[in-house]
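> Predicted model and sequence follow; I will ask about them next.
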Amino acid sequence: MPARRLRLLLFALTVCLAACGVPARLEAGQRLTLASFSQNQVEVQIFLQVDAAGGVWLSAVFTPLEDGAHLYALDLPRRGVNGVGRPTLLELPSDSPLQALGPLTASAEAAAEDPAFPELRSYPPGPVTLRLPVALPPGRGWTETHVSVTYMVCKGNNCRPPVENRLVPVRIPGAAAVAVP
């Protein structure tokens, strides 16, 4: 392919990516939406965010769609407490090109619902954001992969069926696409 034709093709691809809202380079403070879906009365938005120091975070906002509904703590056992509840999780599959650099954290403080069951902890009603520091795969290219989410939402004694280990397809940039401050 002649060099001029290749340059035109690359220019057209760059214009297309910019027009589609996909930045060619992620800057500090930017947030790139990777996926969103609603299931069992919870809306989930998954994104990458670059902090002021150039750190990259995989994040998910879990928003209950019913007023007064809550999600369970991320450190709940996988099968809940005596079968009640499920942890709210954002995880990387074992074959992920992303690499976790630290623990998963939540934007809200979880508390026990019932003093008789202190291990059954939930977040206050409303949205909860989970964040995981990650290393992107090397290079400038984009990679198709998956992240896994788990959650269960309840309002009073009315709980929706849990969503467990749902694989969500995402497209992530290589590390060279992140501007280092």
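That came through fine.
> contacts, neighbours, all on C-alpha from now
Noted.
> Tell me which helix or strand in this protein has the weakest average pLDDT.
helix 3-19 (a mean of 44; mean pLDDT, DSSP states H and E).
> who touches the following helix or strand past that helix?
Remark: after helix 3-19, the chain's next helix or strand is strand 31-39, criterion DSSP states H and E. When contacts are defined by Cα atoms under 8 Å, 6 or more residues apart in numbering, strand 31-39 is touched by residues 22, 26, 43-50, 163, 168-172.
> From those, pick the one nearest Ala73.
Nearest to Ala73 among the contacts of strand 31-39: Val163, at 14.4 Å, using Cα to Cα.
> How much space separates the closest one from Arg79?
12 Å (Cα to Cα, to the nearest Å).
> Keep only those of the contacts of strand 31-39 that are in strands.
43-50, 163, 168-172 (DSSP state E).
> Generate a PyMOL selection restricted to the buried subset of these.
Filtering the ones in strands among the contacts of strand 31-39 down to the buried ones (16 or more other Cα atoms under 10 Å) takes a single PyMOL command:
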select buried, resi 43+44+45+46+47+48+49+50+163+170+172
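> Just give me the closest of the ones in strands among the contacts of strand 31-39 to Leu136.
Nearest member of the ones in strands among the contacts of strand 31-39 to Leu136, counting by Cα to Cα, is Ile172, at 7.8 Å.
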